[in-house]
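# Okay, structure incoming, though there's no sequence with it:
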């Protein structure tokens, strides 16, 4: 299996999905507000169930192209959000996807940290050279999140996807491995270099960045 080890940050951790994550996962995909800025329309219960089953099976695929991980608090295993990565078929590129944090969760405001943990793993263990992400251009909170994740603006893609009967522009950002590594925190470097989390390498906690409930759009699962 191609399983990602638990990735621990200062305020949250990422882990592989478990079977008992189903209800929380489905709640995200069937909710009108939580899916508002994602590149999909709100799903019905059956669609959400099928998407969860596909996501749960990702570690068993060879080669693994999709990584949909649970976001949890450091001291609680409950799924309070999702964070994803899509390996692209050309070059050495990957796309961050599916960042959603449930409102009221203890990790709200730290969506950038989920992105950084997964980027450290992708740049290091997966050997990715370039990672990009995007958000709907009308999502005003997301530039702060992207910048805090170490991503820099690149372009605006006009009318990239259509949801709720409307076409949406997407602003894109990217980072390349050598530049991102140069600004990584000690615990991110530990992940980059192949250690899931070295507590002794942990740096100072960063300040929260508003992220609302969702960020990189484009695709889920």
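Received, thanks. Just so we're clear, the structure is a prediction, and the values are computed from it rather than from any experiment.

# what's residue 192 in contact with, if anything?
120-121, 123-124, 181, 184 (CB atoms under 8 Å, 6 or more residues apart in numbering). All C-beta spots, glycine's among them, are computed from the backbone N, C-alpha and C.

# Compute the number of surrounding residues for the nearest residue to it once chain neighbours are set aside.
Computed as CB to CB, 6 or more residues apart in numbering, the closest residue to residue 192 that is not its neighbour in sequence is residue 124, at 3.7 Å. Other residues near residue 124 come to 20 when the count uses other CB atoms under 10 Å.

# show me what contacts residue 124?
191-194.

# The same query, at a cut-off of 10 Å, please.
By CB atoms under 10 Å, 6 or more residues apart in numbering, the contact list for residue 124 reads 177, 181, 184, 188-195.

# now, among the residues you listed, which is nearest to residue 115?
residue 188 (10.9 Å; CB to CB).

# can you give me phi and psi for that closest one?
Backbone torsions for residue 188, taken as degrees, to the nearest 10, come to phi -70, psi -40.

# do you know how far it is from residue 56?
27 Å (CB to CB, to the nearest Å).

# between those two, who's got more neighbours?
residue 188 (26 against 17).

# ok, the more buried one touching residue 119?
Yes: contact status for residue 188 versus residue 119: in contact at 8.0 Å, counting by CB atoms under 10 Å.

# Need the overlap of contacts for those two.
Common contact partners of residue 188 and residue 119 (CB under 10 Å, 6+ apart): 150, 180-181.

# can you pick the most crowded of those residues?
Counting neighbours by other CB under 10 Å, residue 180 leads these with 23 neighbours.

# Who are the contact partners of it?
Residue 180 touches 116, 119-120, 122-123, 130-131, 149-152, 174, 188, 192, counting by CB under 10 Å, 6+ apart.

# Narrow those residues to just the buried residues.
116, 119-120, 122-123, 130-131, 149-151, 174, 188, 192 (16 or more other CB atoms under 10 Å).

# tell me which residues form a beta bridge with the spatially most central residue of the chain?
Nearest to the geometric centre of the chain sits residue 83, at 2.8 Å (CA atoms, centre = their mean). Counting by DSSP bridges, residue 83 forms beta bridges with residue 69.

# Check the gap between it and residue 162 for me.
From residue 83 to residue 162 the distance is 24 Å (CB to CB).

# cool, and residue 43?
Residue 43 is 16 Å from residue 162, by CB to CB.

# Name the residue in the two with the higher neighbour count.
residue 43 (18 against 11).

# who's in contact with the more buried one?
By CB under 10 Å, 6+ apart, the contact list for residue 43 reads 26, 28-31, 35, 49-51, 220.

# Including distance to residue 88 and pLDDT, could those go into JSON lines?
Below are these laid out as JSON lines (distance: CB to CB, whole Å; pLDDT from 0 to 100):
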{"residue": "26", "distance to residue 88": "27", "pLDDT": "96"}
{"residue": "28", "distance to residue 88": "24", "pLDDT": "94"}
{"residue": "29", "distance to residue 88": "23", "pLDDT": "94"}
{"residue": "30", "distance to residue 88": "28", "pLDDT": "94"}
{"residue": "31", "distance to residue 88": "28", "pLDDT": "91"}
{"residue": "35", "distance to residue 88": "23", "pLDDT": "85"}
{"residue": "49", "distance to residue 88": "27", "pLDDT": "97"}
{"residue": "50", "distance to residue 88": "24", "pLDDT": "97"}
{"residue": "51", "distance to residue 88": "20", "pLDDT": "96"}
{"residue": "220", "distance to residue 88": "16", "pLDDT": "26"}
